[in-house]
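*Asks:* Coordinates only, no sequence provided:
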């Protein structure tokens with residue numbers, strides 16, 4: 001970055017929040033699992049006014065804008081991807097803009113650009129309410145706005161993907177001018193500066209809230225997920241019903257704030273650990289619960305035994321860090337890891353991915369972190385399902401499981417509070433096992449492939465059975481996902497000597513024949529091709545293609561050329 005641009009930015013933001021060195025930028029240039037590229041600088045505004053001024057700077061100097069918060073995406077959607085862009089890139093990291101306003105007596109919240117689910121959970125806890133999304137996204141420190149932009153947070157059976165029609169965002173029109181769109185349905189003023197100041201200072205009252213038919217949650221999801229006879233998936237990223245302003249925008253606008261519904265906390269929760277050796281057993285349970293239960297589960301997350309084993313070995317350190325130190329430590333941990341890896345690249349005698357190799361080695365010395373009863377189920381069963389119920393649904397599930405397993409293959413037990421928390425955390429750290437294995441054995445494998453698939457709600461053969469000629473090309477397969485909505489995350493380690501792109505093409509052909517949609521919740525990033533409806537949505541939001549170009553494997557050039 002030249003001195004003139006640097007001086008202009010320092011007039012907007014303190015110099016310590018302007019990162020221009022390779023060392024300083026590195027943590028923000030690499031995706032959590034996927035993607036990397038160059039950027040002119042990383043800017044970390046501390047409030048919405050600074051964000052507005054930085055956006056004006058980018059437009060004035062014809063810079064590509066990549067909006068980023070926690071950078072926990074799995075498909076590279078919040079970092080540069082390659083170095084074939086037609087303009088310089090500025091990354092705007094919003095994590096310092098973390099204010100959360102409680103409104104309407106706690107029934108709704110206003111989440112500013114970089115606020116996290118973890119902080120929202122803490123803020124709502126005294127009110128005995130909880131966010132639209134919990135568990136997985138919270139565990140990895142994800143931002144609230146990131147979830148909305150990606151329609152993620154779909155592990156909760158009663159709530160489905162994160163969604164709102166109420167947001168405040170900035171777009172660039174076809175004339176190249178910044179436009180602020182206030183869809184919060186709160187009267188905050190006439191121009192951007194007035195709107196920002198009123199929002200920052202909470203200068204709004206009950207009279208400023210407009211009567212509206214807009215929703216701040218995905219209200220139709222329970223009906224959708226209960227329709228087990230449907231030939232369509234329950235949820236997927238390209239669903240046109242979930243594309244509205246910030247929702248599903250995938251970084252094609254700069255989101256300043258979102259308005260979201262909150263939910264009453266359950267009086268009691270109970271985790272049931274279910275095991276089986278036959279996929280058909282889980283198919284029956286799923287249909288029975290969704291069709292016949294009066295009370296839907298809170299969540300229901302699946303792991304195959306191979307994924308269980310991989311997570312136990314290669315996600316052990318992640319599990320321990322989250323359990324002992326919480327998600328607040330994650331940004332520090334990731335920064336430490338990336339700095340160690342950058343050092344290893346600077347000195348040829350050090351191995352690549354050094355941080356992962358060190359952490360994996362150290363994890364050997366920590367005792368087994370998984371409860372005895374869960375380990376016993378691993379020895380008995382190939383398929384594991386962690387089903388959480390709440391309040392009246394607990395007795396309903398208990399009676400059902402006792403009756404079902406009295407005459408069916410498989411078994412279940414009721415977790416203690418400690419067992420339940422460990423079971424859920426084990427499942428949600430499984431994603432990191434795939435990445436860890438790939439890095440440790442990078443020179444021994446032929447590649448890696450991550451699939452995020454939403455199968456039709458009536459799909460009976462949910463557990464994958466690949467043709468022998470395709471199956472032989474994989475060294476390992478890690479299967480896990482959200483079984484009630486038939487969303488599965490299928491990760492593959494490819495043997496050496498096989499064409500990764502050719503394999504991926506064949507896999508997509510299989511999914512297409514089965515009526516699946518992909519991606520289901522990780523969004524398109526730089527890994528999946530955006531379908532026409534979604535691409536048109538992106539172009540409508542961002543006609544100059546200034547925000548996050550290349551998403552959905554689309555054009556990286558100005559005006560989508």
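*Replies:* That came through fine. Just so it is clear, the model here is predicted, and its values are computed rather than measured.

*Asks:* where in the stretch 51-200 of the chain is pLDDT low?
*Replies:* Scanning the stretch 51-200 of the chain for pLDDT under 70 picks out the ranges 135-141, 153-154.

*Asks:* and with 80 instead?
*Replies:* Low-confidence segments of the stretch 51-200 of the chain, defined by pLDDT under 80, span residues 134-141, 153-154.

*Asks:* pLDDT-wise, which helix or strand of the protein ranks last?
*Replies:* Ranked by mean pLDDT, DSSP states H and E, the helix or strand of the chain with the weakest confidence is helix 136-139, at a mean of 48.

*Asks:* Downstream of that helix, the next helix or strand is which one?
*Replies:* helix 144-149 (DSSP states H and E).

*Asks:* List of residues touching that next one?
*Replies:* Outside helix 144-149, the residues that touch it by CB atoms under 8 Å, 6 or more residues apart in numbering are 69-70, 72-73, 78, 94, 100, 111, 113-117, 120, 131-133, 137, 152-153, 162-164, 167, 246-251, 255, 257-258, 260, 523. Every residue, glycine included, has its C-beta placed from N, CA and C.

*Asks:* what do you get if the cut-off is 6 Å, keeping everything else the same?
*Replies:* For helix 144-149, contacts defined as CB atoms under 6 Å, 6 or more residues apart in numbering pick out 69, 111, 113, 115, 117, 133, 137, 153, 162, 246-247, 249-250, 255, 258.

*Asks:* how near is residue 511 to residue 459?
*Replies:* According to CB to CB, to the nearest Å, residue 511 and residue 459 sit 11 Å apart.

*Asks:* correction: residue 39
*Replies:* 41 Å.

*Asks:* These two: who's more crowded?
*Replies:* Set side by side, residue 39 and residue 459 show more neighbours around residue 39, with 24 against 18, by other CB atoms under 10 Å.

*Asks:* count of residues packed around residue 248?
*Replies:* For residue 248, using other CB under 10 Å, the count is 26.

*Asks:* State the phi and psi torsions of it.
*Replies:* Summarising the backbone geometry of residue 248 under the convention degrees, to the nearest 10, its torsions are phi 80, psi 10.

*Asks:* which residues does it contact?
*Replies:* 151, 242.

*Asks:* now swap in the one 3 residues further on and tell me
*Replies:* Contacts for residue 251 were tallied using CB under 6 Å, 6+ apart; they are 67, 547-548.

*Asks:* how about it, secondary structure?
*Replies:* For residue 251, the assignment made with DSSP: H, G, I helix; E, B strand; the rest coil gives coil.

*Asks:* give me phi/psi at it?
*Replies:* Dihedral angles phi and psi of residue 251 (degrees, to the nearest 10) take the values phi 80, psi 10.

*Asks:* same check, this time on residue 489
*Replies:* Geometry field for residue 489 lists phi and psi as phi -100, psi 120, criterion degrees, to the nearest 10.

*Asks:* rewinding a little: got a winner among the contacts of residue 251 for most neighbours?
*Replies:* With neighbours taken as other CB under 10 Å, the top of the contacts of residue 251 is residue 548, carrying 30 neighbours.

*Asks:* Let me see the contact set for that residue.
*Replies:* When contacts are counted by CB under 6 Å, 6+ apart, residue 548 touches 66, 251-252.

*Asks:* which secondary structure element contains the nearest residue to residue 48 once chain neighbours are set aside?
*Replies:* In space, residue 48 comes closest to residue 196 once its chain neighbours are excluded; the distance is 4.8 Å by CB to CB, 6 or more residues apart in numbering. Following DSSP H and E, one finds residue 196 within helix 192-200.

*Asks:* Toward the C-terminus, what is the element adjacent to that helix?
*Replies:* On the C-terminal side of helix 192-200, the closest following helix or strand by DSSP H and E is helix 221-226.

*Asks:* Quick check: next helix or strand after that next one?
*Replies:* Sequence-wise, the next helix or strand downstream of helix 221-226 (DSSP H and E) is strand 254-261.

*Asks:* For that following strand, which outside residues touch it?
*Replies:* Contacts with strand 254-261, where a contact means CB under 6 Å, 6+ apart, come from 48, 55, 67, 108-113, 132, 145, 148, 164, 166-170, 184, 216-217, 246.

*Asks:* Show only the entries of these found in strands.
*Replies:* Restricting the contacts of strand 254-261 to those inside strands, with DSSP state E as the criterion, leaves 67, 108-112, 167-170.

*Asks:* Just give the number of residues close to the residue nearest to residue 79 when sequence neighbours are not counted.
*Replies:* Distances taken as CB to CB, 6+ apart put residue 31 closest to residue 79, at 4.7 Å, once the chain neighbours are dropped. Neighbour count of residue 31, defined by other CB under 10 Å: 22.

*Asks:* wait, residue 31 sits on residue 75?
*Replies:* No - at 7.7 Å, residue 31 does not count as touching residue 75 under the criterion of CB atoms under 6 Å.

*Asks:* how about low-confidence regions in the stretch 351-500 of the chain?
*Replies:* For the stretch 351-500 of the chain, residues meeting the criterion pLDDT under 80 lie at 351.

*Asks:* Show me where it has its helices.
*Replies:* Counting by DSSP state H, counting those that start in this stretch, the stretch 351-500 of the chain forms helices over residues 354-363, 372-380, 392-405, 417-428, 430-440, 468-471, 500-513, given from the N-terminal end onward.

*Asks:* tilt between the fourth one and helix 372-380?
*Replies:* By that I understand helix 417-428. Angular relation of helix 417-428 and helix 372-380 on a 0 to 180 degree scale: 50 degrees, by axes from the mean of the first three to the mean of the last three CA atoms, to 10 degrees.

*Asks:* which residues sit in contact with residue 531?
*Replies:* Neighbour list for residue 531: residue 238 [criterion: CB under 6 Å, 6+ apart].

*Asks:* Got phi/psi on it?
*Replies:* Note on residue 531: its backbone torsions stand at phi -70, psi 170 [degrees, to the nearest 10].

*Asks:* Same question for residue 274.
*Replies:* Taking degrees, to the nearest 10 as the convention, residue 274 sits at phi -120, psi 130.

*Asks:* Sort out which residues of stretch 16-35 are buried, please.
*Replies:* 17-20, 25-35 (16 or more other CB atoms under 10 Å).
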